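Enquirer: What follows is a protein structure lacking sequence information:
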């Protein structure tokens, strides 16, 4: 990720690579700059412009592709599971690596809840592949709607639901709504009023990282564009695309995007001896050292 990528570059610039080895372990061979994912979803920029291949940008750094499945900080080892081959789908035997110094930059993962239908119906929005898939989904559903005379099916195809009113959800729905409106203008058989975007947020306001004033301004802008923003509302169910909200609203949607928060990497809680807090995050000092090492 961004943190590990930048730390490796900084260390490479300051240390003699003939005397030390810097290694990055990542399940992907590239770093993704996530703030630009909404622009990728809308087609404003190309997917290749938000990724930085490790080998191209980290010359001299050892690149290990795999997932960290265990951390033994007392023994200074990490366990790595290599990628599963697509041809055989047979798991590859994990192996261990030793280290002298460890930088924890695992990032966060999408936090899902046991909502009926969520795992089967919703799309995530954390990776460039998901942003590209979402763009393709929206454009395909618009074309499908233009090719049907079934009113109910058309309404379902043209209803897009985003769950989560943080930066990811707000920016994603704003970019996709703009793209969808522009696309619909070129299709005579679809009216702008046929397209529906819904943002579901469980708290009393969107963009909680901002001030009340800026949050309110953002809400006003979304609603002026015709986006249906539901505050203090939760997704209760979305089985087979039938959306049920906590305010008793029910409707069908063929596109549901889940951006409702993140959680710490599970390996920290399940297979690590590092100190963690109640939310599964590593406890660190102001110097960013692990607390017990300080």
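Expert: Alright, I've got the coordinates. For clarity, every value in this text was computed on a predicted model and none was experimentally measured.
Enquirer: Just say helix, strand or coil for the spatially most central residue of the chain.
Expert: Central residue of the chain (Cα atoms, centre = their mean): residue 126, 1.5 Å from the mean position. Three-state call for residue 126 (DSSP: H, G, I helix; E, B strand; the rest coil): coil.
Enquirer: got the contact list for the closest residue to it other than its chain neighbours?
Expert: Residue nearest to residue 126 in three dimensions, not counting chain neighbours: residue 110, with 5.4 Å by Cβ to Cβ, 6 or more residues apart in numbering. To be clear about C-beta, it is placed using only N, CA and C from the backbone, and glycine gets the same treatment. By Cβ atoms under 8 Å, 6 or more residues apart in numbering, the contact list for residue 110 reads 124, 125, 126, 258, 261, 262, 263.
Enquirer: ok, the residue nearest to the centre of the chain touching residue 34?
Expert: Yes. Using Cβ atoms under 8 Å, residue 126 is in contact with residue 34, at 7.0 Å.
Enquirer: Run through the residues that contact the residue nearest to the centre of the chain.
Expert: Contacts for residue 126 (Cβ under 8 Å, 6+ apart) come out as 34, 37, 109, 110, 262.
Enquirer: Can you name the next helix or strand after the helix or strand bottoming out on mean pLDDT in the chain?
Expert: When each helix and strand of the chain is scored by mean pLDDT, DSSP states H and E, strand 108-110 comes last, with a mean of 85. Counting by DSSP states H and E, the next helix or strand C-terminal to strand 108-110 is helix 118-121.
Enquirer: List the contacts of that following helix.
Expert: Against helix 118-121 from outside (Cβ under 8 Å, 6+ apart): 112, 235, 238, 239, 240, 241, 256, 258.
Enquirer: Assumed residue 199 was part of a strand.
Expert: Yes. Checked against three-state DSSP, residue 199 lies within a strand.
Enquirer: contacting residues around it?
Expert: Each residue near residue 199 by Cβ under 8 Å, 6+ apart is listed here: 162, 165, 169, 170, 173, 206, 222, 227, 228, 229, 230.
Enquirer: Make sure I have this right: the first one is in a strand.
Expert: Okay, so that is residue 162. Yes. In this structure, residue 162 lies within a strand as judged by three-state DSSP.
Enquirer: Before I go, just wanted to say thanks for your time.
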